[in-house]
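Novice: here you go, sequence then predicted model.
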Amino acid sequence: MKHCLAYLPVLLLLFLSACAPPDAYHELSQALTAIQEGRLSDGLIHSELCLRSLPNDANALLLNGYCQMMLSPDPNYKSAALFNLEKASRNSDTFAANLLYGWALCENKLYREAIPVLEKALEQMPPSSPQKGAILLLLSRCCVQSNLQEQGMRYSQPLRVYKPYRYWPEVYNNLGMLALKRADYQEADRCFRQALQLAPREPRLLQNLAVLHDLYLNDSRKARGYYLDFMATAKIEDNRELYLQVQKRVGQLAQRMKR
């Protein structure tokens, strides 16, 4: 999902303050330029320099938090990023600030906490904004992870008509997970297969289909085939425990098919 949020720093151009001290404004502009050019390390440095002069500036906090989230999986960086982005959302309360903060919460698997933040961003967003699909996709993911059926369907279904999201496998995987959790196994199968058509041999989708046919649809032949495809595409040899579990299950299904 990170790649679909790469446009967000551009939105911050609307919020750059001309009344900021010249040096701080220069650092803020440099940070924005660096991020737009993909130089996130430089963007991080320039935003930190800006925060030395303007510790509560929402734009500097947003840019700094964005860079920290994108640059490192280190929990300390993630924690600092969330702190800055939450502070920015309080200081500016704009669509861009809430979207970035909601995205960061989602990336940190804080799905329930992300939902009200993203819903607020959705309310603040201009009706014709091209970013509506991005927010709906994030909300869809959060609702699936939180097993919120009604909200999940409300945010997932419209994505079938938004470009480019209607061509993204995550949309149909989310719909499949919602169907699975409400015990609509045929619909889950249809959605997972639709996702697989958009991302052939995607390991996560193959694993979902294998488990669905194994544990819920009781179709040993299809389950075994999906497990084998999963093993071939996921390259799970390095995860010895998972490899042995799947290998054992493939053997059990083969024995079941002989009966």
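Specialist: Okay, I see it.
Novice: what comes into contact with stretch 179-186?
Specialist: 147, 149, 187-188, 191, 212, 216-217 (C-beta atoms under 8 Å, 6 or more residues apart in numbering). Any C-beta I mention is one placed from the backbone N, CA and C, and that applies to glycine too.
Novice: 6 Å instead, please
Specialist: Identification of contacts with stretch 179-186 by C-beta atoms under 6 Å, 6 or more residues apart in numbering yields 147, 149, 187-188, 191, 216-217.
Novice: show me where pLDDT drops low in the stretch 151-259 of the chain?
Specialist: 259 (pLDDT under 70).
Novice: how about the helices in it?
Specialist: 169-181, 185-198, 203-211, 220-234, 240-258 (DSSP state H, counting those that start in this stretch).
Novice: only the buried residues of the first one, if you could.
Specialist: Using 16 or more other C-beta atoms under 10 Å as the burial criterion, the residues of helix 169-181 that qualify are 169-180.
Novice: hmm, back to that, columns neighbour count and distance to residue 236 on top of the contacts of stretch 179-186, output as a markdown table?
Specialist: A markdown table is the format used below for the contacts of stretch 179-186 (neighbours: other C-beta atoms under 10 Å; distance: C-beta to C-beta, whole Å):
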| residue | neighbour count | distance to residue 236 |
| --- | --- | --- |
| 147 | 12 | 27 |
| 149 | 14 | 31 |
| 187 | 15 | 28 |
| 188 | 24 | 23 |
| 191 | 25 | 24 |
| 216 | 15 | 22 |
| 217 | 16 | 23 |
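Novice: look up the closest residue to residue 172, ignoring the ones flanking it.
Specialist: Nearest non-adjacent residue to residue 172, counting by C-beta to C-beta, 6 or more residues apart in numbering: residue 195, 3.8 Å away.
Novice: number of residues surrounding the one you found?
Specialist: 23 (other C-beta atoms under 10 Å).
Novice: how near is residue 198 to residue 172?
Specialist: 7 Å (C-beta to C-beta, to the nearest Å).
Novice: any stretches of the stretch 1-150 of the chain with poor pLDDT?
Specialist: For the stretch 1-150 of the chain, the ranges with pLDDT under 70 are 1-22.
Novice: ok, now with 50
Specialist: 1-7, 9-10, 13-19 (pLDDT under 50).
Novice: could you pull out the helices in it for me?
Specialist: 8-11, 22-36, 40-53, 58-71, 75-92, 95-107, 111-124, 132-145, 149-156.
Novice: all set now, cheers.
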